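>>> Got a sequence here, can you build the structure:
(3 chains)
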Amino acid sequence: MTFLENLMKIDRRWIYLAIGLAVIIPAIASFTVPVTVSSEVKKIYDFVDKIGPNEYLFLAMDYDPSSMAELNPMAEAILKHAFMRNRKVIIVTLAQFGPGMVEEITHRLASEYNRVNGVDYVFLGYRPYPAITIMLMGTDFRVPFPQDYYGTALDSIPMLHGIKNFNNVKGVIDLTAGNTADFWIVYGNGRYNFPLAIGITGVMAADYYQYLQSGQLFGILPGVKGAAEYERLIEQPGEGMAQVSYQLVAHSVIIFFIVISNVAYFATRRQKKTAGGAR
Amino acid sequence: MKREIPLMIVMVTGIMMFIQYFMPYKFLWIPFVDSEKLFEFLNDWVMVIGILSLPLGIWSLVKANAQKLTVPGERFYSSVLLAGFLVMVISGLRPEWRTGGVHFALFQNVLIPIQATIFSLLAFFIASAAYRAFRARSVLATILLLTAFIIMFRFIPLGPLSSANNWLVEKILTVPNMAAKRAIAMGIALGATATAIKIILGIERTYMGRD
Amino acid sequence: MIGQLILNGIAAFLTLCIFSFLYKDNPFYKFAERLVAGIATGYWTMLLYHTNFKPVVWDRLAAGRYEYVIPTLLGLMMWTRFSRNWSWVSRYSIAFYIGISSGITITLSLYASLFKQLEATVKYPITFDGAGLSSLLIIIGVLSALVYFFFSAAHKGTMGVISKLGIYIIMIGFGAGFGMTVMGRVALLVQRVIFLKGYVNSLAGLFGG
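Predicted structure coming up:
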């Protein structure tokens, strides 16, 4: 077998090793990469920035630890933005391991920005069946959530006095990795027509631009790059911006692999054609 | 009775929810029935049914692993699973124990790292798959490959070409990519609607299982 | 501080157990995999009990709200699925859920995913500037992609040309999806590396490094 043929049949563990090294290098020798802001992220930033003192943001953190790498930075950036501006946030999670992650972020940021549960933010909790929960919240938050996550009746939470459903919030931002985004678009915005933006993983990001163009979404945070852009806008570098240098090296390595494999493929194919012609 | 009544329930509730969308105030002009309240009432019932159904899966998992305790090769791993399950159940018995202590510590330091790492393996697999399979064998594959490269170059500073690349990425995402995904989404919507109509009319009955 | 370091050490060890799968399947990986299945199931069980079953079912029945007796019975009927002779009883509960979901899906799915999308495709004017050209390209792209998926007529002649354009547009969409997917997958790995780096730095800090 020639060198090129060997190259095409290389043991996949060498590729794993190369990717592993590609992400370890920026960990040892860190550097910064400029981040340009896209319009779909800027729209979400402007929306949160313009929330008034008596207006509420509804944040749905519908993700599990499996996608926290991309969505946690978004959640942190949005909550930091809201807490810095002293705006009230209602939080819910429709993902089964979401509550633990919401608790960790809200406790940490609440103590950092001196915000009080029940006064500045409230965590409603978790419900299964996202479509049903979204539609019930559209009628009254108290129907699917008679209590918040900590067992306090919603009627006795000061910041929820006079807040009944989505008509009483400025808008909804949903951070999700699964098809919960579809549920929010179809069953939430489709039925109740509230302003909706989504933060989604890279895998799904390319699939939702049609809803942005149709006006069903007012913004999209596409994966970790979206998180980095939002952190740049609020001038609070976090894990999103930290990831960009790693992404640069890893993307370069993957592009290099694809180019090498294609060069080897075409060279081998030409060799075989030449050998076949000679015969 | 075993099949006819469920079919009737599906038809009646399905048609009710369909009509409710077009009559948001008074349901079928019946004076004492508020349409929104009816919608809320029925969906609340579905939530209760759903919450009581979810432990079925939990019971299945626990039962399957309890049975594996008698199998020599599986005994250790099944006992690890059951031990983890019991520890979390016992440590979370009181509501106040869930938000601190052993229960939360196990969630933070066992569940989160393992679940996150399992999915992080996909980065290696996508690199390996891209190396082995992503070949420009045809015009279509070449178009796919070139578009992927343009999108991936967003993360690589290209000097004077960066702004041109960013512009091209924006155009790709908001024009041809959007058009393709819109067509797919519309097809899915038509399929979902057709399936829902078939279910309501009783043509599609696979949800009932076999007798 | 030491306690947190020990807990982070456990997390780092379990992370490396999962990464060991990249070399080959091994007992450390299997152990971590089964452990997370048990922990996850236990966590979700108590979450369901405390935050769902108690407030939504139990407390309501205890407060005398007897309108919840029927859905509670329907929910308990689902448990007959484990019995070969009585599993047909669960069909009543399933039928309720399926009927309501189907009725809602027809209208909302058509509205959000079909009518709004059709409207957005044609509502922007076609003008002699960048935005107008984009509108035209979007109309052509959507129509040709839809023609590609129409298999009731042969893709020959004019239909063949349009469907060929459609598959080219779809390939651009898939290429964009792949490019974004790489970012997403790499992000998952990078987050774990950042965590491990943080742990190593904490250890170094503890030992005066």
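>>> centre of the chain versus the strand or helix carrying A:Leu7, how much separation?
Element membership for A:Leu7, per DSSP states H and E: helix A:3-8. Helix A:3-8 has its C-alpha centroid displaced from the chain centroid by 39 Å (C-alpha atoms, centre = their mean, to the nearest Å).
>>> Name the next helix or strand downstream of it, please.
helix A:12-28.
>>> which other residues reach the helix or strand just after that next one?
Using DSSP H and E, the next helix or strand after helix A:12-28 towards the C-terminus is helix A:39-49. Helix A:39-49 has contacts (C-beta atoms under 8 Å, 6 or more residues apart in numbering or on different chains) with A:57, A:78, A:81-82, A:85, A:87, A:170-171, A:173, A:195, A:197, A:199, A:212, A:218-222, A:226, A:229-230, A:233-234, B:170. For the C-beta atoms, the positions are set from N, CA and C on the backbone; glycine is no exception.
>>> What residues of helix A:39-49 count as buried?
A:40-41, A:44-45, A:47-48 (16 or more other C-beta atoms under 10 Å in any protein chain shown).
>>> Dump that helix to PDB, keeping only the CA atoms.
Taking Å, rounded to 0.1, in the frame of the first residue of the first chain, the C-alpha atoms of helix A:39-49 are listed here in PDB:
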ATOM      1  CA  SER A  39     -27.400  41.100  13.800                       C
ATOM      2  CA  GLU A  40     -29.500  38.200  15.200                       C
ATOM      3  CA  VAL A  41     -27.600  38.400  18.500                       C
ATOM      4  CA  LYS A  42     -27.600  42.200  18.600                       C
ATOM      5  CA  LYS A  43     -31.400  42.100  18.400                       C
ATOM      6  CA  ILE A  44     -31.600  40.000  21.600                       C
ATOM      7  CA  TYR A  45     -29.100  42.200  23.300                       C
ATOM      8  CA  ASP A  46     -31.100  45.300  22.400                       C
ATOM      9  CA  PHE A  47     -34.400  43.700  23.500                       C
ATOM     10  CA  VAL A  48     -33.000  42.800  27.000                       C
ATOM     11  CA  ASP A  49     -31.300  46.300  27.200                       C
END
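>>> Going along the chain, name the strands of the chain.
With no chain named, the answer covers chain A. Here chain A has its strands, by DSSP state E, at A:56-62, A:88-93, A:121-126, A:171-176, A:196-200, A:219-222.
>>> think we crossed wires, I meant chain C
Under DSSP E, chain C gives no strands.
>>> so where's chain C uncertain?
Filtered on pLDDT under 70, chain C yields the residue ranges C:209.
>>> Residue in chain C with the shortest distance to chain A?
Across chain C, no residue is closer to chain A than C:Gly184, which sits at 2.6 Å (C-beta to the nearest C-beta).
>>> and the biggest helix by length in chain B, what does it pack onto?
Among the elements of chain B assigned as helix by DSSP state H, the one spanning the most residues is helix B:176-200. Here helix B:176-200 touches helix A:209-214, helix B:4-22, helix C:90-110, helix C:116-123, helix C:130-148, helix C:157-206, going by 3 or more C-beta pairs under 8 Å, 6 or more residues apart in numbering or on different chains; DSSP states H and E.
>>> quick one: the fourth one near chain B?
Yes: judged by C-beta under 8 Å from any C-beta of the partner chain, helix C:116-123 and chain B are in contact via C:117-118, C:120-121.
>>> What subset of the residues you listed is buried?
C:117, C:120-121.
>>> Which residue lies nearest the spatial centre of chain B?
What sits nearest the mean C-alpha location of chain B, by C-alpha atoms, centre = their mean, is B:Leu54, with 14.9 Å.
>>> Correct me if wrong: that residue contacts A:Pro128.
Yes: using C-beta atoms under 8 Å, B:Leu54 is in contact with A:Pro128, at 6.1 Å.
>>> Relative to B:Pro176, how far out is A:Ile258?
For A:Ile258, the distance to B:Pro176 (C-beta to C-beta, to the nearest Å) stands at 21 Å.
>>> Which of the two has more residues huddled nearby?
Each of A:Ile258 and B:Pro176 has its neighbours counted (other C-beta atoms under 10 Å in any protein chain shown); B:Pro176 has more, 25 against 22.
>>> what sits against that one?
So B:Pro176 contacts C:137, C:141, C:169, C:172-173 (C-beta under 8 Å, 6+ apart).
>>> burial of the closest residue to it other than its chain neighbours, as a residue count?
Leaving aside its chain neighbours, B:Pro176 sits nearest to C:Ile172 (4.2 Å; criterion: C-beta to C-beta, 6 or more residues apart in numbering or on different chains). For C:Ile172, the count of nearby residues is 24 (other C-beta under 10 Å).
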